[in-house]
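A.B. asks: My questions are about this predicted structure, shown below with the sequence.
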Amino acid sequence: THPPLARLLVRASISAFGHDGPGGWDVAARLPSALLGTLAIPFIFRCCRRLAGGDDVVGLLAAAFFATGPFGVYYSQEARYYGGVVLFSAWSTHGAILLAEAPRSLRRQTYLFAGLVLGLLNHHLFAVVWLTSGLWVLRALVRDPRRAWPAMAPWVLPWLWNLLLTGTVYLSMYGDAIVD
């Protein structure tokens, strides 16, 4: 089973545009992935610009490569979860970079937390992004431990939330087998 976000978006799109719309259910099923892939472009720009020390050209080139490259186009056309994975990966990476710069900023913690939670609700493999963003924030923690501990909350809480949801799903599916 996959986490529910992408499935809910596809279901809502099919409900809104139905089988009778232009292109039928195929277009309606692919629409959320296309929108999520398109929304990833500004996040890729912001993330790469920040990594390049504020250089807009680097951000524009990275966003253009994604928008016109074969993987960006392909993942945005699939009726699967990958458009969301790209969006929430860029969002979370940008959030981790910002949080490492100002670990006590509640606004930056919330920004990273939202990207991580949405990513974990989108795809199980997002745990890899969660881990890398946590390592980025951990780097700030090692540099200044007293200042950076609050920055760990956005990294830990989404994972605990995902474990709770996954555990609940597995208990509902296999709970009887465990008791027997």
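C.D. replies: Alright, I've got the coordinates. Numbers count the residues shown, from 1 in each chain.
A.B. asks: What ranges does this protein have for its helices?
C.D. replies: Using DSSP state H, the helices of the chain run over 5-17, 24-51, 56-68, 70-77, 82-101, 106-122, 127-143, 145-148, 153-179.
A.B. asks: ok, the most centrally placed residue in the chain to Ala16 distance?
C.D. replies: For the chain, the residue sitting closest to the mean C-alpha position, by CA atoms, centre = their mean, is Phe88 at 2.1 Å. According to CB to CB, to the nearest Å, Phe88 and Ala16 sit 22 Å apart. Backbone N, C-alpha and C define where each C-beta goes, glycine included.
A.B. asks: next one: Arg7
C.D. replies: For Arg7 relative to Ala16 (CB to CB), the value is 15 Å.
A.B. asks: out of those two, which sits in the busier spot?
C.D. replies: Arg7 (14 against 10; other CB atoms under 10 Å).
A.B. asks: quick one: low-confidence ranges for this structure?
C.D. replies: 1, 19-23, 141, 144-180 (pLDDT under 70).
A.B. asks: Just give the nearest non-adjacent residue to Val129, would you?
C.D. replies: Leaving aside its chain neighbours, Val129 sits nearest to Ser89 (4.8 Å; criterion: CB to CB, 6 or more residues apart in numbering).
A.B. asks: What count of nearby residues applies to the one you found?
C.D. replies: Count around Ser89 with other CB under 10 Å applied: 25.
A.B. asks: so which of the helices of the chain is the most packed in?
C.D. replies: helix 82-101 (a mean of 24; mean count of other CB atoms under 10 Å).
A.B. asks: what about dumping the CA coordinates of that one to PDB?
C.D. replies: Taking C-alpha atoms only, helix 82-101 is exported to PDB below (Å, rounded to 0.1, in the frame of the first residue of the first chain):
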ATOM      1  CA  TYR A  82       6.500  10.800  -8.800                       C
ATOM      2  CA  GLY A  83       5.500  14.400  -9.500                       C
ATOM      3  CA  GLY A  84       4.800  14.800  -5.800                       C
ATOM      4  CA  VAL A  85       8.000  13.100  -4.900                       C
ATOM      5  CA  VAL A  86      10.000  15.700  -6.900                       C
ATOM      6  CA  LEU A  87       7.900  18.600  -5.500                       C
ATOM      7  CA  PHE A  88       8.200  17.600  -1.900                       C
ATOM      8  CA  SER A  89      11.900  16.600  -2.300                       C
ATOM      9  CA  ALA A  90      12.700  20.100  -3.500                       C
ATOM     10  CA  TRP A  91      10.500  21.700  -0.900                       C
ATOM     11  CA  SER A  92      12.100  19.700   2.000                       C
ATOM     12  CA  THR A  93      15.600  20.200   0.700                       C
ATOM     13  CA  HIS A  94      15.100  23.900   0.500                       C
ATOM     14  CA  GLY A  95      13.500  23.800   4.000                       C
ATOM     15  CA  ALA A  96      16.500  21.900   5.400                       C
ATOM     16  CA  ILE A  97      18.900  24.400   3.900                       C
ATOM     17  CA  LEU A  98      17.000  27.300   5.300                       C
ATOM     18  CA  LEU A  99      16.700  25.700   8.700                       C
ATOM     19  CA  ALA A 100      20.400  24.900   8.900                       C
ATOM     20  CA  GLU A 101      21.000  28.700   8.500                       C
END
